[in-house]
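Trainee: Coordinates only, no sequence provided:
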């Protein structure tokens, strides 16, 4: 094994340990603790944490600002694994349908651009952009559609 592989393996192990530590702390906190939002921010760009972030977005009982931060991270760092990417898109759709959380719905709509290869995501996003009751959710869906087109044009949209 050369030094590059050793460094990469060590970095991956450290990222996994950091994710596990932060996730354990998150789960131990009271439901409405703002530290939850901070933890999600600390997990930003940690690929090891993506399955956890998907679960946070999908959980309607979770702290709303933690769900917003998770949606943002999933927009910026969509999973490379096709199955997890599909799950993330569906979790964001679930958040988009949460009638109690307007802010979560706005961020979910805004975060769907990398997931529009899934026909269900694309259809729901188009419908939301045209017909949602909340004008901010409609605008967020329109933003996401524009972003999806830009990602497709540049090839940055991933699988």
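Mentor: That came through fine. These numbers were taken from a predicted model, which means no experiment stands behind them.
Trainee: can we go C-alpha only for contacts and neighbour counts from here?
Mentor: OK.
Trainee: List the buried residues of the lengthiest helix in the chain.
Mentor: If each helix of the chain is counted by residues according to DSSP state H, the longest one is helix 3-28. For helix 3-28, burial by neighbour count (16 or more other CA atoms under 10 Å) applies to 15, 16, 18, 19, 22, 23, 26.
Trainee: what does stretch 128-137 give?
Mentor: Those would be 128, 129, 136, 137, for stretch 128-137 by 16+ other CA under 10 Å.
Trainee: Save these as TSV, and put in distance to residue 101 and pLDDT too.
Mentor: Listed next are the buried residues of stretch 128-137 as TSV, based on distance: CA to CA, whole Å; pLDDT from 0 to 100:
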residue	distance to residue 101	pLDDT
128	15	97
129	17	97
136	12	97
137	11	97
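Trainee: Tell me which two of those residues sit farthest apart.
Mentor: Across the buried residues of stretch 128-137, the longest distance by CA to CA is 10.6 Å; it joins 128 and 136.
Trainee: pLDDT weak spots in the chain?
Mentor: Residues of the chain meeting the criterion pLDDT under 70: 1-7, 156-159.
Trainee: Skip the chain neighbours and tell me the closest residue to the most centrally placed residue in it.
Mentor: In the chain, the centroid-proximal residue (CA atoms, centre = their mean) is residue 74; its distance is 2.5 Å. The shortest distance from residue 74 to any non-neighbouring residue, by CA to CA, 6 or more residues apart in numbering, is to residue 111 (6.9 Å).
Trainee: From start to finish, how long is stretch 87-105 in a straight line?
Mentor: For stretch 87-105, the separation between the terminal residues is 17 Å (CA to CA, to the nearest Å).
Trainee: in that stretch, what counts as buried?
Mentor: Applying 16+ other CA under 10 Å to stretch 87-105 flags 87-98, 102-105 as buried.
Trainee: So which of these is the closest to residue 39?
Mentor: residue 104 (17.3 Å).
Trainee: need the contact list for the closest one.
Mentor: 64, 65, 67, 68, 95, 96, 98 (CA atoms under 8 Å, 6 or more residues apart in numbering).
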